[in-house]
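1. build me a model from this:
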Amino acid sequence: MAAIDDLWTAFWGWTQSHPTGPFLFRGQADDSPIIPRIGRPDYNYHRATEQSLFDAFERAARPFMRDTLDPYELLALAQHHGTPTRLVDWSTTPLVASWFAVSSFPQNVPAKVYALDVIRDGLDIINPATGQALKSGATYVHPLKPLSGVYLVETAQVSSRITTQRGIFTLHGDPTVPLVIPDPEIFTIPQDLRGEFQSRLMDFGIDASHIFPDIDGLCRSLEWKLRTGRNLSAFA
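-> Numbers count the residues shown, from 1 in each chain. Next comes the predicted model:
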């Protein structure tokens, strides 16, 4: 059996032991710590700067929004369009997570898919409509208010990308603290099989045009087909 067949079989076995519902999934190009983008060293995190960035986004993004969004929805929108935030993206499907893992850069290292146990200790759930945390009972009317802890947040579908990626977020009270995932809940895709794994995902309809349902995603998908020698037409 080819190596990719062994890996694909192992991946499906891993997903069966980490079913959707009890687990959420995240794909990364490497084993970098799971830290919100704004908390990474490049941004020299300060809470006051984070608030200023959120305020600047809220002011400047208004012309691009048809509806008035609450603070949690605004933060989700900022996250999905590239603003550094205290959110980390997760998906309810391991297929989407694994696409991000194998398609992201760097490409010269093993890719990682993480499974997050939604009932693990230290993880709470915030209802964005009320700001109330399910376990602690604390209320956070604004997503920048928590000073510690990690929270699951499912916002309204403010972006088509959230819908197609089946996206849910973790919100990190201290964005500089990594979220540690136990080894059994990590699936590794070897460096030399990343391309073949991405081809398998495409056979299931998981590619850039699915993940990013706009013309940018379409063009990314066509570029990948061209570069890897895949058929550009469904009838070829």
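
2. show me the contacts for residue 178.
-> 33-35 (CB atoms under 8 Å, 6 or more residues apart in numbering). All C-beta spots, glycine's among them, are computed from the backbone N, C-alpha and C.

3. where do the helices sit along this protein?
-> Taking DSSP state H as the test, the helices found in the chain are 3-17, 47-61, 71-80, 94-103, 160-164, 194-203, 208-211, 215-228.

4. coming back round to it: closest one of the contacts of residue 178 to residue 100?
-> Set against residue 100, the nearest of the contacts of residue 178 by CB to CB is residue 34 (12.8 Å).

5. what's the local residue count around the nearest residue to that closest one once chain neighbours are set aside?
-> Nearest residue to residue 34, sequence neighbours excluded (CB to CB, 6 or more residues apart in numbering): residue 179, at 4.3 Å. By other CB atoms under 10 Å, the residues close to residue 179 number 18.

6. again, but for residue 26
-> With other CB under 10 Å as criterion, residue 26 counts 23.

7. is it correct that residue 191 is in contact with residue 106?
-> No - judged on CB atoms under 8 Å, residue 191 makes no contact with residue 106 at a distance of 9.4 Å.

8. which one's more surrounded, the two?
-> residue 191 (15 against 10).

9. could you find the closest non-adjacent residue to that one?
-> residue 110 (5.3 Å).

10. same check on residue 130?
-> Nearest to residue 130 is residue 139, by CB to CB, 6+ apart, at 7.1 Å.

11. state the distance from that neighbour to residue 133.
-> According to CB to CB, to the nearest Å, residue 139 and residue 133 sit 7 Å apart.

12. of the two, who's got more company?
-> residue 133 (18 against 12).

13. the more buried one bridge partners, please.
-> When assigned by DSSP bridges, residue 133 has beta-bridge partners residue 126.
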